[in-house]
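Novice: kindly return the folded structure for what I paste below:
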Amino acid sequence: MALKREIQGVVVQKTGDKSITVLVERRVMHPKYRKYVKRFKKFIVHDEKNEVKAGDIVKAIECRPLSKRKSFRLSQIVRVGVE
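Specialist: The predicted structure is shown next:
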C-alpha cells in the first residue's frame with residue numbers, strides 16, 4: 001500500500017457544499033540564485049461536516065478521487081483563523 005500524502009495549508013474559500021480550497025505553500029531553493037522562494041498550490045479538500053471557515057489552517061490526507069479535482073479529505077483543524 002502506498003503512503004498517503006498529507007498537506008497543511010490555509011483555507012482560502014469555501015468552494016461549495018462540503019468542499020474547501022486550501023492554499024499550500026512550500027519553500028524551494030532557486031537553482032541559480034540559491035535563495036529560498038515560495039511556491040504555492042491550491043487543493044480542493046472534502047469537508048464532510050462543513051466545519052471550517054476561510055482563514056483556518058487545516059491538515060488534509062490523500063484519499064480516493066471524490067470528484068474531478070478533489071482527492072483530499074480533511075483530517076484536522078490545526079488553528080482557527082481570524083475571519
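Novice: may I have the beta-bridge partners of the most centrally placed residue in the chain?
Specialist: The structure's the chain has its C-alpha centroid closest to Val22; by C-alpha atoms, centre = their mean the separation is 3.6 Å. Judged by DSSP bridges, the bridge partners of Val22 are Val11, Phe43.
Novice: surely it meets Gln13?
Specialist: No - using C-beta atoms under 8 Å, Val22 is not in contact with Gln13, being 9.6 Å away. In this view, the C-beta of every residue, glycine as well, is placed from N, C-alpha and C.
Novice: any stretches of the chain with poor pLDDT?
Specialist: Filtered on pLDDT under 70, the chain yields the residue ranges 1, 83.
Novice: quick one, strands of it?
Specialist: Secondary structure of the chain (DSSP state E): strands located at 6-16, 19-29, 36-46, 57-62, 70-79.
Novice: most packed of these?
Specialist: Among those, strand 57-62 has the highest mean neighbour count (mean count of other C-beta atoms under 10 Å), at a mean of 18.
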